[in-house]
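Participant: Predicted structure and sequence below. I'll ask about it afterward.
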Amino acid sequence: MSTFATGFLKQARVMTADLRHRKIIRTALTNYEIVRDKRKGAFQSWESARSAAAETKWEAVNHLDKYLVEFVSKLEARGTKLHWASTGAQASEIILEIVREKNARSVIKSKSMTSEEVHLNDALEKAGLEVVESDLGEFIMQLRDEPPYHIVFPSMHLTRGEIKELFERELGDAPSDSPEELTMVARRALRKKYLTADIGFTGANFAIAETGMISITENEGNARLTAALPKTMVSLLGIEKVLPRLEDLALFLPMLATAGTGQALTCYNTMYGGPRQPGECDGPEEFHVILLDNRRTELLADAEQRDALHCIRCGACLNACPIFRNIGGHTYATTYSGPIGSVITPHLRGLQDWKHLSAASSLCGGCTEVCPVKIDLHHHLLHNRRNAAKEKPALIERSLYLIFGFVANRPALWSLGKKLGRLSQPLHNLVKGSALDPARSWTQTRDLPPLAQESFKDWWKKRNR
Amino acid sequence: MKNEETVLSEREKILARVREALSVPAHVPGAHGLAPLAASAQSSAAGVRQWLPKVGNSFAEQLGLFQKNATELKTDFQLFDSAEEMRQALVRLRDAEGWKRVACHSGDLTNAICPPLNLPMLRTDKAYDVHEMEACDAGISECDALVAQTGSVLVTSRSAGGRALSVLPPHHVVIARREQLVADLPAAFALVKTKYAPDFPSMISFITGPSRTGDIERILVLGAHGPKRLTILVF
Ligand code: SF4
């Protein structure tokens, strides 16, 4: 077992027993489900919208080269500087070069999972920069020195009391534990940062090929400010973010909001097509866009699972997943958690190290059902299991199946086995769940069903007599 | 900066990997024996309209829907019969909130409505000092459109006084005319294209209610980083 798998199992055991955690997550997600279902219901046809979204993403991802070239040339034509990064380290290095060139001391960031993926904050802080997360949830997590818990709700596992304590300790400012007042603490703390930061950093939700724009979806206005005030703006996005046409957003923006947070539209949906243009009064003088591969092309090369690149990171599959809801986001120890994380992490970080995630599923298909772009998530988990076993068969598993095949093909041996099983099962109770029990990992928390006293075959024989 | 050559080569390397990967075709959406989707129903405006939330056909219905959405979003929406009424409403807002200084840009509407405010004004018609804007009590702007379907205001860096005016001051006041109401998102994107293409403003933004967050226990709080209040005045 990989060390990642051992850590995962250990942490999962702790978290599933943590009833307080489970209650917090359940409360938060129950409210989300109610508003989301109401919003879905407002669509004239949510199902047709899903199909259209899946087709549009299919078109974009399956002609990625064409759309990337179009996106880039449109952006460049209006003064944006484009960069390409094959790895996360390269992406960080490109940003550090911009920092050095601008003599920058501070960076204000709006929410970006891609920057988590490349560990940008570490790289910037190591270079002596002040980095401030401006999204409230991300700000809280940065103060706690923890990665986001959920790709859309970064701090959903914390109570207001915990956040009050945190603000008191780290900022010396926490008048009460009311969410309103705590939010205002963050507002005050971050206002100054927007005004003084040298670089504004953002992610992007979509990249529009036709017009050469990135589109950013947010609720707080922090990305708007990040893209308005600092002199230099830098945006990092994965190459799969492309949509062919501007009007595709008329479908994707409301779908992302509905699936992600249960809103008809999030508060700010903003398209940026360049730095400040002639005749404009504000905005950055320079705009850099970095396109990141970081093994996305490897996932692209797997035609069977290519649709995992259609993901718009709405988080709906995490919210639906019974495993996520019980073990929590941090247990995955990945940038992207939940079903989509379990599907793509083995591609992005190594199949053998991360194959245990494909078993962290009840295969209920809840994720596939809620995915707004119809990614076949639970089948991809099965594909990952199959691929992992094919690439590196587990010796014990293989010998067990060999023995099973040998016995099952010999009726006499098989019925002997059945008899022995029936006789010995009562003895199993003596060792059940203990170190001596061969079925321990199952029987520790569950019962084995008793073998039937009479098999179907015997019963059939008797009946025909 | 990296020299031209390495930039080019990284680009070429990634594009080469993309092309190589795509040499194996992927199945089209609609897997597992289900009938494939209707041949490219892709998000054409007509298609999208059939699926998105319903918007009435008449102007009155659309206005009613905008109003309903605004209320849900906690946007303050006020409708007037004349420009004069709107001027008075703006003065009432000034008095109610005790505005000392506001930020604004020049435009036909703002020029016609704002003078009676009689307040020191930060103009964003050319470069301005952001610290001064931060100290303003309100930002007053025009817009490109109001979207009935979602209760959104469509602004751009060109139509609404730049990027910061609509998010930096604590209260954003939008001044618009009835005719600026469009039915839905497809109509709004069509408007952006006919109005600007190919020379788009560097920022195009749909503002849907005042700034908000739910990051603490998923409880709604207004005014996270952007404006705590959004007022839309229409005549
Ligand atoms: S896989 Fe689908 S449901 Fe999950 S985050 Fe991506 S788009 Fe949302």
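Facilitator: Structure received.

Participant: what are the ranges of the strands in the stretch 1-150 of chain A?
Facilitator: Counting by DSSP state E, counting those that start in this stretch, residue ranges of the strands within the stretch 1-150 of chain A are A:81-85, A:106-109, A:130-133.

Participant: before we move on, which element is the residue positioned nearest the centre of chain B in?
Facilitator: Centroid-nearest residue in chain B: residue B:206, 2.2 Å away (criterion: C-alpha atoms, centre = their mean). Remark: residue B:206 resides in strand B:203-207, with elements defined by DSSP states H and E.

Participant: List the pairing partners of the next helix or strand along the chain from that strand within its sheet, with orientation.
Facilitator: Per DSSP H and E, strand B:203-207 leads on to strand B:212-213 as the next helix or strand towards the C-terminus. Using DSSP bridges, strand B:212-213 pairs in its sheet with strand B:221-222 (antiparallel).

Participant: one step back: closest one to residue A:351 among the strands of the stretch 1-150 of chain A?
Facilitator: strand A:81-85 (22.9 Å; C-beta to C-beta). C-beta here means a position set from N, CA and C on the backbone, and glycine is covered the same way.

Participant: Need the CA coordinates for the closest one. CSV is fine.
Facilitator: Listed next in CSV are the C-alpha coordinates belonging to strand A:81-85 (Å, rounded to 0.1, in the frame of the first residue of the first chain):
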residue,chain,number,x,y,z
LYS,A,81,1.2,38.6,-22.3
LEU,A,82,0.8,34.8,-22.7
HIS,A,83,2.9,32.2,-21.0
TRP,A,84,2.8,28.4,-21.2
ALA,A,85,3.8,26.1,-18.4
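
Participant: Report the mean confidence score over that strand.
Facilitator: For strand A:81-85, the mean pLDDT works out to 97.

Participant: about what we covered before: tabulate the strands of the stretch 1-150 of chain A (JSON lines), appending distance to residue A:280 and mean neighbour count.
Facilitator: Shown next, in JSON lines, are the strands of the stretch 1-150 of chain A (distance: least, C-beta to C-beta, whole Å; neighbours: other C-beta atoms under 10 Å in any protein chain shown):
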{"stretch": "strand A:81-85", "distance to residue A:280": "18", "mean neighbour count": "21"}
{"stretch": "strand A:106-109", "distance to residue A:280": "20", "mean neighbour count": "24"}
{"stretch": "strand A:130-133", "distance to residue A:280": "26", "mean neighbour count": "21"}
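
Participant: What pLDDT is listed against residue B:32?
Facilitator: So, for residue B:32, pLDDT stands at 46.

Participant: on that earlier part again, I'd assumed residue B:151 was in contact with the residue nearest to the centre of chain B.
Facilitator: No: Residue B:206 lies out of contact with residue B:151 (C-beta atoms under 8 Å); the separation is 10.1 Å.

Participant: Tell me the strands beside the strand holding residue B:206, with direction?
Facilitator: Counting by DSSP bridges, strand B:203-207 is paired with strand A:268-272 (antiparallel), strand B:152-156 (antiparallel).

Participant: Just name whatever secondary elements the helix or strand that the first one is followed by is in contact with.
Facilitator: The C-terminal neighbour of strand A:268-272 among helices and strands, as given by DSSP H and E, is strand A:286-292. In this structure, strand A:286-292 packs against helix A:64-77, strand A:81-85, helix A:88-102, strand A:232-238, with contacts taken as 3 or more C-beta pairs under 8 Å, 6 or more residues apart in numbering or on different chains; DSSP states H and E.

Participant: Output the ones you listed in TSV, with distance to chain B appended to each entry.
Facilitator: Formatted as TSV, the helices and strands packed on strand A:286-292 follow (distance: least, C-beta to the nearest C-beta, whole Å):
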stretch	distance to chain B
helix A:64-77	5
strand A:81-85	4
helix A:88-102	6
strand A:232-238	10
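
Participant: Export the ones you listed as a markdown table, with columns for distance to the ligand.
Facilitator: Below are those laid out as a markdown table (distance: least, C-beta to the nearest ligand atom, whole Å):
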| stretch | distance to the ligand |
| --- | --- |
| helix A:64-77 | 17 |
| strand A:81-85 | 22 |
| helix A:88-102 | 20 |
| strand A:232-238 | 12 |
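
Participant: Spit out the contact partners of residue 224.
Facilitator: No chain in the question, so chain A it is. A:218, A:268, A:270, B:163, B:166, B:167, B:205, B:226 (C-beta atoms under 8 Å, 6 or more residues apart in numbering or on different chains).

Participant: sorry, should have said chain B
Facilitator: Contacts of residue B:224 (C-beta under 8 Å, 6+ apart): A:136, A:183, A:186, A:187, A:219, A:220, A:221, A:222, B:211, B:212, B:213, B:215.
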